[in-house]
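J.: here's my sequence, what's the structure:
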Amino acid sequence: MPVVEKAIKWWKNQEGDIRHEAEKRLTHILPTLWMIDISFSHSQLVNFIKWYNEQGQQVGTGANYTAITPGVYSVIATNNVTGCASDEVFVTVTPSEPAIVAYTVNEDFADTQSITVETQGTGDYEYQLDNGAFQDSPTFNNVMSGFHTITVRDKNGCGLTVTNAIVVNYPHYFTPNGDGANETWNIKTLSDREVAYIYIYDRYGKLLTRIKPSSSGWDGNYNNTQMPADDYWFIVNYKKDGEEKEFKAHFALKR
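T.: Predicted coordinates for the structure are as follows:
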């Protein structure tokens with residue numbers, strides 16, 4: 001766990017009195033419990049150390065203190081030779097935590113699609129889509145159809161959150177020519193939605209088949225006969241966020 005460290009220096013002035021100087025070394029934003037530590041250039045001179053909260057109440061003693069809540073804390077050290085106390089040194093503890101993550105997609109089947117990540121938490125976050133670079137913006141543009149991984153990371157090392165996202169779009173063509181690539185047409189990204197069927201028509205409005213997103217898809221045949229290379233139309237009805245939706249468009253069969 002990172003710590004907030006303070007150092008108190010001691011030295012003798014021209015009159016021979018032992019004096020002290022407070023120096024702030026480093027500060028990190030910490031999760032849940034916050035360890036605040038101090039060190040001394042002449043530790044044998046230190047006899048007693050007291051920690052205080054923002055209300056001036058003593059909350060601890062010793063070279064370190066574990067803060068339960070964020071806030072401003074202070075520490076005073078007393079020299080066991082002269083009995084004089086150090087200047088009061090202040091430490092600010094800032095809360096941070098892994099984010100609770102949700103996301104929205106601008107629109108299913110849009111020509112260009114984006115994902116916007118929504119976070120709940122007190123951290124300073126950065127965002128990653130799949131294996132891309134982390135970025136400060138929670139929005140990713142020109143996202144391809146399919147399944148994606150969103151990672152939200154606290155910049156101060158206080159954990160990360162990973163969630164999966166789905167961007168729904170349809171293949172604009174398929175090539176059922178026996179080479180093993182793009183042999184069938186389907187909308188696989190709708191497989192987790194409440195969808196009855198996808199209806200596929202020829203250019204004259206004749207129903208050729210109906211398929212489910214969870215199926216292998218349409219192989220380009222009708223009554224065991226290969227359909228010609230052409231544009232074909234489809235209608236799909238599905239639910240999103242409890243709302244009934246319908247989408248119509250066309251795709252190409254290439255041979």
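
J.: wouldn't T78 be in contact with E88 here?
T.: No - the criterion here is Cβ atoms under 8 Å, and T78 misses it with E88 at 11.9 Å. C-beta here means a position set from N, CA and C on the backbone, and glycine is covered the same way.

J.: the more surrounded of those two?
T.: Neighbours per residue, other Cβ atoms under 10 Å: of T78 and E88, the larger number sits with T78, 16 against 12.

J.: and the gap between that one and V72?
T.: As defined by Cβ to Cβ, to the nearest Å, T78 lies at a distance of 21 Å from V72.

J.: the bottom helix or strand of the protein by mean pLDDT?
T.: Lowest by mean pLDDT, DSSP states H and E among the helices and strands of the chain is strand 18-26, with a mean of 32.

J.: surely S74 is in a strand?
T.: Yes - counting by DSSP: H, G, I helix; E, B strand; the rest coil, S74 is located in a strand.

J.: pretty sure it contacts V93?
T.: No - with contact defined as Cβ under 8 Å, S74 does not count as touching V93 (11.5 Å).

J.: which one of those two has more residues nearby?
T.: Higher neighbour count among S74 and V93: V93, with 21 against 18, using other Cβ under 10 Å.

J.: the more buried one contacts A67, correct?
T.: Yes - judged on Cβ under 8 Å, V93 makes contact with A67 at a distance of 5.0 Å.

J.: residues contacting the most centrally placed residue in the chain?
T.: The centroid of the chain falls nearest to V152 when counting by Cα atoms, centre = their mean (1.4 Å). V152 makes contacts with 98-99, 101, 117, 119, 125-128, 160-163, as judged by Cβ atoms under 8 Å, 6 or more residues apart in numbering.

J.: spatially, which two of these are the most separated?
T.: E126 and T163 (15.0 Å; Cβ to Cβ).

J.: show me where pLDDT drops low in the stretch 1-150 of the chain?
T.: By pLDDT under 70, the low-scoring segments of the stretch 1-150 of the chain are 1-47, 96.

J.: where exactly do the helices run in it?
T.: For the stretch 1-150 of the chain, helices defined by DSSP state H, counting those that start in this stretch do not occur.

J.: mean confidence score for stretch 186-202?
T.: Here stretch 186-202 scores 87 as its mean pLDDT.

J.: run the chain-centre distance for it.
T.: Remark: stretch 186-202 is offset 30 Å from the chain centroid, using Cα atoms, centre = their mean, to the nearest Å.

J.: in it, which residues are buried?
T.: By neighbour count on 16 or more other Cβ atoms under 10 Å, the buried set for stretch 186-202 is 186-190, 193, 195, 198-202.

J.: for N106, state which of the residues you listed is nearest.
T.: Nearest to N106 among the buried residues of stretch 186-202 is T189, at 14.8 Å by Cβ to Cβ.

J.: and the nearest residue to that closest one once chain neighbours are set aside, what does it touch?
T.: Closest residue to T189 apart from its sequence neighbours, by Cβ to Cβ, 6 or more residues apart in numbering: V168 at 4.6 Å. By Cβ under 8 Å, 6+ apart, the residues touching V168 are 105, 108-109, 145, 187, 189-190, 193.
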